[in-house]
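**Student:** Sequence and predicted structure below; questions after.
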Amino acid sequence: MLTNSRPGESAEAFDYELPDSAIALHPVSPRSAARMLVWKQGETDWSQHFHDLPNAIPAGAQIWVNNTRVIRARLLLQKPTGGRLEVFLLEPMNASMEQALAATEAVEWKCMVKGSKRWSAGEAALEVEDAQGKWTISAQRTGADEGVRFIKLEWGFIASDTGLHREASFSELLEALGKMPLPPYMRRPEERSDAADYQTVYAEVPGSVAAPTAGLHYDAQLMSELSAKASIHQVTLHVGAGTFKPLGSGSVAEHAMHAERCSVTNASVHALATETCHRVATGTTSLRTLESLYWLAIKWKQSGEKPSRLSQWEWCESLAEADHELSWTMETAMQWCLAALDGDDWEFETSIMIAPPYRIRSVDALITNFHLPNSTLLCLVAAAVGPHWRELYAGALERDFRFLSFGDGSYLCW
């Protein structure tokens with residue numbers, strides 16, 4: 001049986017020194033004024049900005065974006081003892097994200113909790129009144145598992161115009177009381193501008209607890225110019241907090257990748273199946289979604305059953321032989337899927353981890369930010385450009401590029 005081995009490099013191979021001064025705490029304005037490193041087949045241009053992107057891509061290209069919307073996933077409550085409790089929502093339990101956000105009755109979530117010491121019983125609560133009315137929320141711990149707390153949340157709303165209780169969704173509650181889930185490395189309190197800054201201009205589907213940050217460089221003007229030269233296509237991957245989980249101290253192969261929910265429309269599969277052209281993934285989440293589609297097609301063909309989940313290492317283990325025998329391109333894989341889907345959209349969960357020696361199949365280029373040391377995102381960049389990533393990162397630091405979520409970015413074409 002043909003199999004490829006898991007990535008053999010150690011986590012140390014993806015380490016570098018990132019000074020605090022290089023971490024961007026706020027975005028530039030306008031968004032498209034951010035600097036953009038352009039790397040094409042080994043040639044490097046340090047002089048570009050994101051408003052130059054339409055000139056960097058060939059006419060007729062496809063640009064793929066992740067249309068997930070960041071939810072206000074942080075709730076600041078008060079414990080029965082009077083201390084503050086910060087609840088960071090990760091994912092709903094026993095319900096889909098859409099069901100949990102639309103709920104008007106109690107919901108239960110997996111959460112990370114700060115200040116949870118001496119909070120194992122009793123309700124943490126909050127009451128807030130604004131021009132619209134009065135919100136109340138209570139949280140009760142129902143269980144725990146490996147650093148994650150299970151929290152039951154209940155809420156109520158009394159409208160100021162009528163003085164009567166009104167049924168309100170959990171999504172409405174988060175919009176009123178929730179805080180934007182800024183990455184922990186920013187180490188600053190939330191500001192009013194973050195609500196817009198930490199959201200892409202094309203965000204549509206609520207469900208992420210972290211932004212797909214490569215897309216933060218696109219503003220309305222840039223989107224208009226890109227649309228005149230290329231076609232814009234959307235996928236949905238709800239980004240989880242696991243995106244910030246470091247590699248650890250062992251081998252890359254030992255890292256446990258988090259699972260994330262994805263949705264791809266039939267129209268998107270059709271675009272992947274019918275057009276052989278230059279494809280650009282905006283961000284690591286768009287790329288992971290598209291690459292997962294390729295492997296799920298292989299899995300479907302191999303098993304005869306439509307798969308709903310792709311695990312971390314299937315690409316180099318159980319699916320490697322079928323991939324070799326089929327010799328599919330992304331287009332032929334999606335053509336097969338298009339017939340099998342019979343007009344349906346596709347929802348699935350992926351834990352795929354992309355790291356050298358992985359070979360990217362779905363796109364020809366990646367737009368991405370500069371990522372944390374020892375991160376799975378940096379492993380993905382290394383799979384795209386090879387060992388060149390280290391000289392690119394060193395060059396970016398020397399030239400005072402801004403790193404991480406609100407920082408500058410790159411257009412990497414192989």
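**Tutor:** Looks like it arrived, so ask away.
**Student:** Just the strands from the stretch 101-250 of the chain, written as ranges.
**Tutor:** 107-114, 123-129, 133-145, 148-159, 205-208, 231-237 (DSSP state E, counting those that start in this stretch).
**Student:** Dump the ones you listed into CSV; add distance to Gln78, mean neighbour count and mean pLDDT as well.
**Tutor:** Any C-beta I mention is one placed from the backbone N, CA and C, and that applies to glycine too. As requested, the strands of the stretch 101-250 of the chain are exported to CSV (distance: least, CB to CB, whole Å; neighbours: other CB atoms under 10 Å; pLDDT from 0 to 100):
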stretch, distance to Gln78, mean neighbour count, mean pLDDT
strand 107-114, 13, 20, 94
strand 123-129, 6, 16, 92
strand 133-145, 10, 17, 94
strand 148-159, 14, 18, 95
strand 205-208, 26, 22, 96
strand 231-237, 34, 22, 98
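**Student:** what bridges to Lys110?
**Tutor:** Glu91, Phe150 (DSSP bridges).
**Student:** Confirm for me that it is in contact with Val87.
**Tutor:** No. Contact criterion CB atoms under 8 Å: Lys110 and Val87 do not qualify, at 10.8 Å.
**Student:** where do the contact lists of these two overlap?
**Tutor:** Ile151 (CB atoms under 8 Å, 6 or more residues apart in numbering).
**Student:** Out of the strands of the stretch 101-250 of the chain, flag the one nearest His217.
**Tutor:** Proximity to His217, assessed across these by CB to CB, is greatest for strand 231-237 (14.2 Å).
**Student:** next structured bit after the closest one?
**Tutor:** Tracing the chain past strand 231-237, the next element assigned as helix or strand by DSSP states H and E is strand 260-264.
**Student:** ok, which stretches of the protein are helices?
**Tutor:** In the chain, the helices defined using DSSP state H lie at 53-56, 97-102, 170-177, 194-197, 220-229, 266-274, 284-303, 320-326, 330-341, 376-385, 388-398.
**Student:** Adding distance to Glu260, mean neighbour count and mean pLDDT, write those helices out as a markdown table.
**Tutor:** Listed next are the helices of the chain as a markdown table, based on distance: least, CB to CB, whole Å; neighbours: other CB under 10 Å; pLDDT from 0 to 100:
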| stretch | distance to Glu260 | mean neighbour count | mean pLDDT |
| --- | --- | --- | --- |
| helix 53-56 | 26 | 18 | 97 |
| helix 97-102 | 11 | 17 | 95 |
| helix 170-177 | 19 | 19 | 95 |
| helix 194-197 | 22 | 16 | 97 |
| helix 220-229 | 24 | 14 | 98 |
| helix 266-274 | 17 | 18 | 96 |
| helix 284-303 | 8 | 24 | 98 |
| helix 320-326 | 22 | 16 | 97 |
| helix 330-341 | 20 | 18 | 97 |
| helix 376-385 | 12 | 23 | 97 |
| helix 388-398 | 23 | 16 | 98 |
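**Student:** Quick one: closest of the ones you listed to Pro80.
**Tutor:** Of these, nearest to Pro80 by CB to CB is helix 170-177, at 18.8 Å.
**Student:** how far is that closest one from where the chain is centred?
**Tutor:** 21 Å (CA atoms, centre = their mean, to the nearest Å).
**Student:** quick one: contacts of that helix?
**Tutor:** By CB under 8 Å, 6+ apart, the residues outside helix 170-177 that reach it are 71-73, 75, 100-104, 107, 126, 128, 130, 132, 135, 137, 153, 155, 157, 206.
**Student:** The same query, at a cut-off of 6 Å, please.
**Tutor:** Ile71, Arg72, Leu101, Ala103, Val107, Val128, Trp135, Trp155 (CB atoms under 6 Å, 6 or more residues apart in numbering).
**Student:** Name the nearest residue to the last one, ignoring sequence neighbours.
**Tutor:** By that I understand Trp155. Distances taken as CB to CB, 6 or more residues apart in numbering put Ile137 closest to Trp155, at 4.3 Å, once the chain neighbours are dropped.
**Student:** same thing with the third one?
**Tutor:** Here the nearest residue to Leu101 in space, its sequence neighbours aside, is Ser171; by CB to CB, 6+ apart that works out to 4.1 Å.
**Student:** quick one, what contacts the most centrally placed residue in the chain?
**Tutor:** What sits nearest the mean C-alpha location of the chain, by CA atoms, centre = their mean, is Val239, with 3.3 Å. Val239 makes contact with Ser208, Ala210, Thr285, according to CB under 6 Å, 6+ apart.
**Student:** now with 7 Å?
**Tutor:** If you count contacts by CB atoms under 7 Å, 6 or more residues apart in numbering, Val239 has them with Thr68, Ser208, Val209, Ala210, Pro212, Glu260, Thr285.
**Student:** likewise Asp364?
**Tutor:** Per CB under 7 Å, 6+ apart, neighbours of Asp364: His278, Arg279, Cys413.
**Student:** got it, and Gly407?
**Tutor:** Gly407 touches Ala24, Asn369, Phe370, Phe401, counting by CB under 7 Å, 6+ apart.
**Student:** distance of Leu377 from Ser227?
**Tutor:** Going from Leu377 to Ser227 by CB to CB, to the nearest Å gives 27 Å.
**Student:** Repeat that for Leu174.
**Tutor:** 31 Å.
**Student:** try Tyr198
**Tutor:** Here Tyr198 is placed at a distance of 24 Å from Ser227 (CB to CB).
**Student:** before we move on, what about Gln221?
**Tutor:** According to CB to CB, Gln221 and Ser227 sit 11 Å apart.
**Student:** again, but for Ala259
**Tutor:** From Ala259 to Ser227 the distance is 33 Å (CB to CB).
**Student:** Dump the contacts of Asp364 to CSV, plus neighbour count.
**Tutor:** Below are the contacts of Asp364 laid out as CSV (neighbours: other CB atoms under 10 Å):
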residue, neighbour count
His278, 17
Arg279, 22
Cys413, 21
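**Student:** tell me the pLDDT at Thr3?
**Tutor:** Predicted confidence (pLDDT) at Thr3: the value is 47.
**Student:** I should have written His278 there, sorry.
**Tutor:** Confidence at His278, expressed as pLDDT, is 96.
**Student:** residues touching it, list them.
**Tutor:** With CB under 7 Å, 6+ apart, His278 has these contacts: Ile57, Pro58, Ala61, Asp364.
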